[in-house]
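Participant: need a structure here:
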Amino acid sequence: MRILSIQSSVAYGHVGNSAAVFPLQRLGHEVWPVFTVHFSNHTGYGAWRGPLLDPADVAAVITGIEERGVLPTCDAVLSGYQGSPAVAAVIVDAVRRVKAANPAATYTCDPVMGNARSGCFVNPEIPPIIREQVVPVADILTPNQFELGFITGRDSLGGPSAIEDVLAAADAVREMGPSTVLVTSVERAGAPVDVIEMVAVTGDGAWIVQTPRLPMKANGSGDITAALFTAHLHTTGSPAIALGRTVASVYDVLKTTLESGERELRLIAAQDAIAVPDERFGVTRLR
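Facilitator: Purely as a prediction, here's the structure:
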């Protein structure tokens with residue numbers, strides 16, 4: 001498949017397009033990366049250099065791709081960290097252009113805002129814009145539990161929650177536009193403290209998968225997750241299979257990173273596990 005990926009870029013490390021592009025290529029997919037920022041490193045370090053790209057420049061790159069006459073062959077649009085509030089309109093317009101050229105194309109929005117431990121770490125103008133302008137045009141939404149809570153106005157999802165509350169929030173998001181919701185970093189009330197879960201919800205059902213919780217903070221793991229889930233859902237047509245394959249690969253990447261002692265994701269070292277994961281985790285149907 002061919003994917004237009006509109007996300008951040010870093011020279012050092014792996015977040016945004018610098019996390020998503022290689023795993024997709026390792027699976028055999030063609031990726032057209034468009035950058036929203038180009039930083040020296042991700043902002044989790046507390047210091048970085050490099051530009052927020054002007055939204056007009058982001059739009060110009062997309063227009064240049066369109067002028068090559070290739071949008072009818074684009075199977076999916078993927079977006080992540082936006083950098084500037086004005087980039088949202090550029091992304092929405094890109095989705096419109098791609099779908100006009102190929103009505104079968106889908107749009108996956110990774111609504112990067114923050115997480116339960118760090119809170120909101122983007123420009124505070126961005127989350128409301130994502131909720132009001134971007135989410136409604138998405139086909140697939142991949143929020144973590146914290147982001148799901150913000151989008152649906154459920155503050156209780158900022159911590160351990162009943163699975164029924166997570167499913168209700170996912171259903172609320174689906175009423176806003178997306179047909180598929182992948183909720184990452186699910187902390188379910190009553191679950192063992194040493195596990196973390198991921199839930200996929202569609203009109204046909206809901207599925208959950210559980211993995212050991214690794215003692216690490218992994219910037220970029222959500223970016224890989226959104227990319228892999230998009231690819232696997234397209235190629236298999238099955239949310240359950242896509243969920244299982246995505247979780248297995250991401251877990252192997254995280255495990256390899258933890259064992260290396262490095263802070264940045266070991267994408268290159270774990271590339272074989274991205275294609276053929278060593279681990280397998282059972283996917284359970286919730287409804």
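
Participant: what secondary structure does Leu78 sit in?
Facilitator: Using DSSP: H, G, I helix; E, B strand; the rest coil, the three-state assignment for Leu78 comes out as strand.

Participant: Which pLDDT does the model give Thr284?
Facilitator: Listed pLDDT for Thr284 reads 96.

Participant: buried stuff in the helix or strand hosting it?
Facilitator: Following DSSP states H and E, one finds Thr284 within strand 283-285. Across strand 283-285, burial judged by 16 or more other Cβ atoms under 10 Å covers Val283. For glycine as for every other residue, the C-beta is placed from the backbone atoms N, C-alpha and C.

Participant: Repeat that for stretch 215-235.
Facilitator: 218-235.

Participant: okay, it in CSV with CA atoms only?
Facilitator: Taking C-alpha atoms only, stretch 215-235 is exported to CSV below (Å, rounded to 0.1, in the frame of the first residue of the first chain):
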residue,chain,number,x,y,z
PRO,A,215,9.7,-0.5,33.2
MET,A,216,10.4,2.2,30.7
LYS,A,217,9.2,5.4,29.0
ALA,A,218,9.2,5.0,25.3
ASN,A,219,8.8,8.1,23.2
GLY,A,220,7.6,7.2,19.7
SER,A,221,5.8,3.9,20.6
GLY,A,222,2.4,5.5,19.9
ASP,A,223,3.6,6.6,16.5
ILE,A,224,4.7,3.1,15.6
THR,A,225,1.5,1.7,16.9
ALA,A,226,-0.7,4.0,14.7
ALA,A,227,1.4,3.2,11.6
LEU,A,228,1.5,-0.6,12.1
PHE,A,229,-2.2,-0.8,13.0
THR,A,230,-3.1,1.2,9.8
ALA,A,231,-1.1,-1.1,7.6
HIS,A,232,-2.2,-4.4,9.2
LEU,A,233,-5.9,-3.3,9.1
HIS,A,234,-5.6,-2.5,5.4
THR,A,235,-3.8,-5.7,4.5
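
Participant: where does it sit relative to the chain's centre, distance-wise?
Facilitator: 6 Å (Cα atoms, centre = their mean, to the nearest Å).

Participant: Could you list the low-confidence segments of the stretch 51-200 of the chain?
Facilitator: 116-120 (pLDDT under 70).

Participant: ok so, going back, return the subset of the buried residues of stretch 215-235 lying in helices.
Facilitator: 221-235 (DSSP state H).

Participant: what separates stretch 50-69 from the chain centre, distance-wise?
Facilitator: With Cα atoms, centre = their mean, you get 21 Å for stretch 50-69.

Participant: Report the buried residues of it.
Facilitator: In terms of neighbour count (16+ other Cβ under 10 Å), stretch 50-69 has its buried residues at 52-53, 55, 58-59, 61-62, 65-66.

Participant: Give the burial count for Pro212, as a bare number.
Facilitator: The number of residues packed near Pro212 is 14, by other Cβ atoms under 10 Å.

Participant: Now do the strands in this protein.
Facilitator: 2-10, 30-39, 76-79, 106-109, 114-115, 119-120, 140-141, 180-186, 195-202, 205-212, 283-285 (DSSP state E).

Participant: Now do the helices in the stretch 51-200 of the chain.
Facilitator: Here the stretch 51-200 of the chain has its helices, by DSSP state H, counting those that start in this stretch, at 55-67, 87-101, 126-129, 145-152, 163-176.

Participant: Nice, that's everything, thank you.
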